[in-house]
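S.K.: Structural data only, the sequence is not supplied:
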């Protein structure tokens, strides 16, 4: 049988998972996908994702690829896997791609959205998807601070001390803040993100919005490359991997 490379777009509610990447003894998105594909095709596969979302982080546009010699028509994969996957993981698109395609290395840019619930009390239906933060915020000051992050920088100060990669230079294309009713949505678009980078950026911008930091301090935080100088890491449940764009 001819070996094919299948690319899929995956959506998931990350609440019950220890992140995307397989971990011994832990329930993960990658582990569930590999199990479901094996059940369907009777073949072991290795699923490769565009990135490793943390425990509790959600996705509307995670992209994966895997190789298979299964003859299942590509348009049948989403529904076929729907019967094998838990209800909080859904395949929205499947396509056959050329053999050189790589879900991670071919990604041109990623878009994350962090949702903050600014209501006086939490919105009960959004408690798993928005961080409740009922404090006064100066959004314009937050935009001023975010402007310093646009461009190519060493984001050491905005990455977890547990980050394994050595090269911490990334390019941030856009940080946009949109108020929709009680919800503040912060969109971060860049060529790549370090471990917990978006959550640390959001935590720092919230401190700017509260008046605990001046917007221009973001510039010095970047320059000094010291995680301790940046703000707190906000909870994972407000974060969604929204989309991955390719070359």
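M.R.: Perfect, I can see it now. This structure is a prediction, so every number in the text was calculated from the model and none was measured.
S.K.: what about the nearest residue to residue 13 once chain neighbours are set aside, neighbour count?
M.R.: Nearest residue to residue 13, sequence neighbours excluded (CB to CB, 6 or more residues apart in numbering): residue 88, at 4.1 Å. No exception for glycine: its C-beta is placed from N, CA and C like everyone else's. When counting by other CB atoms under 10 Å, one arrives at 15 neighbours for residue 88.
S.K.: Where does residue 134 fall, secondary structure wise?
M.R.: Remark: residue 134 resides in no helix or strand, with elements defined by DSSP states H and E.
S.K.: How about the backbone phi and psi for it?
M.R.: Here is the backbone geometry of residue 134 (degrees, to the nearest 10): phi -90, psi 40.
S.K.: contacting residues around it?
M.R.: By CB atoms under 8 Å, 6 or more residues apart in numbering, the residues touching residue 134 are 117, 118, 119, 120, 121.
S.K.: And the second one, how far from residue 58?
M.R.: Right, residue 118. Noted for residue 118: a distance of 20 Å to residue 58, by CB to CB, to the nearest Å.
S.K.: Those two - which one has more neighbours?
M.R.: Neighbour totals were compared for residue 118 and residue 58, and residue 58 leads with 24 against 19 (other CB under 10 Å).
S.K.: OK, contacts around that one?
M.R.: Here residue 58 is in contact with 12, 13, 14, 15, 129, 237, 239, 240, 241 (criterion: CB under 8 Å, 6+ apart).
S.K.: Domain parsing of this protein, as residue ranges.
M.R.: Using automatic domain parsing, the domain parsing of the chain gives 4-97, 111-246.
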